[in-house]
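Colleague: Sequence isn't available, so here's the structure alone:
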């Protein structure tokens, strides 16, 4: 197997560890799934610690979204699972929507069950994150998951709500999805 360092040296590319996409060297985030390209970060910062480069990422394209941040009552949230050609729609306007994977022992299921999308192998916790609707905005909050929740490539602190926009990329552990606001009227 070719490592990212070998790939960079031979062709000017870096391979995303999450989705396998070939990105141009010097890219901070994967062009396909918006995951942070660790080998590139280590070259820029001299370390593999994401906290050292977080300010650079926040001023770059990580938190920049072109989609609207307004989520109207009656809209649906479409979750498009990256690399699996799958999507689902949920209505977060009436309650919080818990995302995770079912528990085989208790048989409890979250509102959005990612078990069928290889959730266990991809590092999705049983109660991983929650989407919440409040006053025309939709927020995402990590429940303190083991493998983290990422918004446009940046890991979210646990138990803090973050506004999401139409077209954002959300990653739970290693499972990436793009979120869309769908008007059903």
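Modeller: Noted; the coordinates are in hand. In this text the structure is predicted, and so the values were computed from the model without any measurement. Residues are numbered from 1 along each chain as shown.
Colleague: what about the strands in the chain?
Modeller: Along the chain, counting by DSSP state E, strands occupy 13-15, 22-24, 76-81, 86-90, 97-100, 112-113, 127-134, 137-142, 149-151, 154-155, 162-163, 169-172, 175-182.
Colleague: Can you give the strand pairings for the second one, parallel or anti for each?
Modeller: Read that as strand 22-24. strand 13-15 (antiparallel) (DSSP bridges).
Colleague: Could I get the contacting residues of residue 151?
Modeller: With contacts defined as Cβ atoms under 8 Å, 6 or more residues apart in numbering, the neighbours of residue 151 are 63, 140, 162, 164, 168-170. Any C-beta I mention is one placed from the backbone N, CA and C, and that applies to glycine too.
Colleague: go on, residue 75?
Modeller: So residue 75 contacts 93, 181-184 (Cβ under 8 Å, 6+ apart).
Colleague: wait, which of the residues you listed is closest to residue 72?
Modeller: Distance to residue 72 across the contacts of residue 75 (Cβ to Cβ) is lowest for residue 183, with 7.4 Å.
Colleague: Got the phi and psi for the closest one?
Modeller: Dihedral angles of residue 183 (phi, psi; degrees, to the nearest 10) stand at phi -90, psi 120.
Colleague: Pull up the gap between it and residue 174, please.
Modeller: 31 Å (Cβ to Cβ, to the nearest Å).
Colleague: thinking again about what came up before, going through the contacts of residue 75, which ones are buried?
Modeller: 93, 181 (16 or more other Cβ atoms under 10 Å).
Colleague: Dump the contacts of residue 75 to TSV, plus distance to residue 70.
Modeller: Listed next are the contacts of residue 75 as TSV, based on distance: Cβ to Cβ, whole Å:
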residue	distance to residue 70
93	12
181	8
182	13
183	11
184	15
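Colleague: which among the contacts of residue 75 gets closest to residue 83?
Modeller: residue 182 (21.1 Å).
Colleague: Report how many residues lie close to the closest residue to that closest one other than its chain neighbours.
Modeller: In this structure, residue 182 finds its nearest non-sequential neighbour in residue 76, 4.5 Å apart by Cβ to Cβ, 6 or more residues apart in numbering. Counted with other Cβ atoms under 10 Å, residues neighbouring residue 76 total 17.
Colleague: Would you mind confirming that residue 76 makes contact with residue 179?
Modeller: No. Between residue 76 and residue 179 there is no contact under Cβ atoms under 8 Å: 10.8 Å.
Colleague: so what's residue 99 bridging to?
Modeller: residue 112, residue 129.
Colleague: Now pLDDT too, for the contacts of residue 75, in TSV please.
Modeller: Shown next, in TSV, are the contacts of residue 75 (pLDDT from 0 to 100):
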residue	pLDDT
93	81
181	94
182	93
183	89
184	82
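Colleague: Looking at the contacts of residue 75, which is nearest residue 144?
Modeller: Set against residue 144, the nearest of these by Cβ to Cβ is residue 93 (24.9 Å).
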